[in-house]
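*Asks:* prediction below, plus the sequence it came from.
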Amino acid sequence: MATMKHVNPDDIRTLFSRAMSDMYRAEAPQYGALLELVADVNDETLRRDPDLKASLERAGELDRLSVERHGAIRLGTAQELVAIRHVFAVMGMHPVGYYDLSVAGIPVHSTAFRPIDDEALRRNPFRVFTSLLRLELLEDEGLRAEAAAILAARNILTPRAIELVAAYERQGSLTAEQAEEFVREALETFRWHGEATVTAETYNRLNDAHRLIADVVSFRGPHINHLTPRTLDIDAAQAGMPKRGIAPKAVIEGPPRRKCAILLRQTSFKALEEAVAFKSAAGGTVAGAHTARFGEIEQRGAALTPKGRKIYDDLLASVRGEVQVGSSGANASDYATELAQRFKTLPDDWSTLRAERLAFFRYSATRAGIEAIRRDNLPRSIEALIANGYLRFDPIIYEDFLPVSAAGIFQSNLGGDAQHHFGERANRAFFEEALGQPVLDEFDLYARAEKASLEAALDELGLGDTVLKSIA
Ligand code: OOG
Ligand code: NI
């Protein structure tokens, strides 16, 4: 038997994210304009900051600076969620975290399918924010049943994609040829379909219940609703959008600009109106429009520990309790001022963030430390090793999402000012039942990465058993 070359899931993810980018650029031309803006802002930032450029170069990140870091889809049923879980597993993406959006009046709950180990994240961190529609939150029973019946009749994967997922599960991997075919087939699931599966009358009823319900239920599958490249300066990108004819959302979500970047800052352009052909009762189609797809940019910083995250959540809530930003952008500048002001209480230097256990760090042995082994004069405590320059620490990047930010992105792109109230109806157990497995805990993943890096660094310094490895 001829030997077949098997492909690493990380490489399939890279093929997939590239194919998605090409497809989305063709589908939503304004997204191409956003990518150009991001590339220009990144070039300008690197020109002004040679140290940043050198450090990105050392980390091997310069080449794929502006490539997509995430996308988002919205699913209709538990069966679809399970099917998608199998598809993403082929690409080394696993469900991490639970996000309840019902608090914000959006009838979905979500997870992020993403790579989880350090090496896979380094190779390509592409992740997909995946939401599941919660029809159970709808009051109108008739509409609920109608939407459920429409969803039950669709198949979001192609027959060949299903076969290739099965092949992956049987073989434990895909051959290069299978991987390419798999990506082509998977793309079909996320493609935009201008032909709705419902009449304009049904669409309007779904839309009146909630725009998001119309978006999920009226089409053949879970079209990708945005992709998100990485920017080195999100404030400059936000300011640059109008000059290129792109309408940004009112405010940047997440923490304010800081010396030590934390968590995730995001902004997006408003969803565009796209032509849709609705079914007509008389046969044939009727022309209409649908608004759901947009472009987003992100800038990531350090992952916070539960203690740091609690401070972040409380500070953000206090700002939002004080200043409400209207969908038209009223109060946007007061919000930014208040945000910057209140976040001054959160330390903004890495040493304090580490000493107070507010953020997660990756430890490494320094050259000076390795040279000191020969002289056998290494101190025996982590703090002393750091103070002597034998052990260094760098922030671990936040790889997940923020529920309040996600709600802001959803809202600015659903359009309209209709308010919905579902109350706080988080139901992680229900989501996990639909998913068919528990979601992984993001804090646990960061804590493990931190611990593993410290153990490896101490082993490298020959101190494996002599220094207390725990940093808690
Ligand atoms: C997802 C919105 C959330 C993010 O980056 O927080 C999101 C959606 O609109 O489906 O993508
Ligand atoms: Ni997003």
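*Replies:* Good, I have the coordinates. Residues are numbered from 1 along each chain as shown. Ligands and ions are numbered 1, 2, ... in the order given.

*Asks:* how about the strands in the stretch 251-400 of the chain?
*Replies:* 264-279, 285-300, 361-365, 391-395 (DSSP state E, counting those that start in this stretch).

*Asks:* parallel or antiparallel, list what pairs with the third one.
*Replies:* Sheet pairing for strand 361-365, assigned by DSSP bridges, gives strand 391-395 (antiparallel).

*Asks:* list the buried residues of the strand it pairs with.
*Replies:* Leu391, Arg392, Phe393, Pro395 (16 or more other CB atoms under 10 Å). Heads up, the C-betas are built off the backbone N, CA and C, glycines and all.

*Asks:* how about a markdown table for those, with distance to ligand 1 and pLDDT added?
*Replies:* Shown next, in a markdown table, are these (distance: CB to the nearest ligand atom, whole Å; pLDDT from 0 to 100):
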| residue | distance to ligand 1 | pLDDT |
| --- | --- | --- |
| Leu391 | 35 | 96 |
| Arg392 | 31 | 95 |
| Phe393 | 28 | 95 |
| Pro395 | 20 | 94 |
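
*Asks:* of the strands of the stretch 251-400 of the chain, which approaches Gly321 most closely?
*Replies:* Closest to Gly321 of the strands of the stretch 251-400 of the chain, according to CB to CB: strand 264-279, at 20.5 Å.

*Asks:* for ligand 1, what are the nearby residues on the stretch 301-450 of the chain?
*Replies:* Neighbours of ligand 1 within the stretch 301-450 of the chain, by CB under 6 Å from any ligand atom: Phe401, Ser405, Ala406, Ile409, Phe410, Asn413.

*Asks:* can you tell me the SS state at Ser66?
*Replies:* Put simply, Ser66 is coil when judged by DSSP: H, G, I helix; E, B strand; the rest coil.

*Asks:* what is the neighbour count of it?
*Replies:* Applying other CB atoms under 10 Å, we find 20 residues neighbouring Ser66.

*Asks:* other SSEs contacting the helix or strand hosting Val216?
*Replies:* Per DSSP states H and E, Val216 falls inside helix 211-217. On a contact count with 3 or more CB pairs under 8 Å, 6 or more residues apart in numbering; DSSP states H and E, helix 211-217 meets strand 68-75, strand 127-133, helix 141-152, helix 200-209, strand 285-300, helix 403-414.

*Asks:* neighbouring contacts of the fourth one?
*Replies:* Residues from elsewhere that reach helix 200-209, judged by CB atoms under 8 Å, 6 or more residues apart in numbering: 138, 140, 143, 146-147, 150, 196, 198, 213-214, 217-218, 278, 280-281, 286, 288, 290.

*Asks:* which residues touch the residue of the chain with the smallest separation from ligand 1?
*Replies:* Ligand 1 sits closest to Ala406 of the chain, with a gap of 3.4 Å, by CB to the nearest ligand atom. Going by CB under 8 Å, 6+ apart, Ala406 touches Tyr99, Leu101, Ser110, Phe129.

*Asks:* for Leu316, same thing?
*Replies:* Applying CB under 8 Å, 6+ apart to Leu316 gives the contacts Pro255, Leu339, Val404.

*Asks:* let's have the residues you listed in JSON lines, adding distance to Trp192, neighbour count and pLDDT.
*Replies:* Below are those laid out as JSON lines (distance: CB to CB, whole Å; neighbours: other CB atoms under 10 Å; pLDDT from 0 to 100):
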{"residue": "Pro255", "distance to Trp192": "33", "neighbour count": "22", "pLDDT": "98"}
{"residue": "Leu339", "distance to Trp192": "35", "neighbour count": "22", "pLDDT": "96"}
{"residue": "Val404", "distance to Trp192": "28", "neighbour count": "17", "pLDDT": "94"}
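
*Asks:* just those residues now: which is nearest Ala303?
*Replies:* Pro255 (12.5 Å).

*Asks:* and Ala426, helix, strand or coil?
*Replies:* Strictly by three-state DSSP, Ala426 counts as coil.

*Asks:* quick one: contacts for it?
*Replies:* Tyr98, Asp100, Ser102, Val103, His109.

*Asks:* re earlier: any quick ChimeraX command for the buried ones out of the contacts of helix 200-209?
*Replies:* Applying 16+ other CB under 10 Å to the contacts of helix 200-209, the buried members can be selected in ChimeraX as follows:
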select :138,143,146,147,150,196,198,213,214,217,218,278,286,290
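
*Asks:* count the neighbours of the residue lying closest to Val165 once chain neighbours are set aside for me.
*Replies:* Sequence neighbours aside, His86 is the residue nearest to Val165 in space, at 4.9 Å (criterion: CB to CB, 6 or more residues apart in numbering). Applying other CB under 10 Å, we find 16 residues neighbouring His86.
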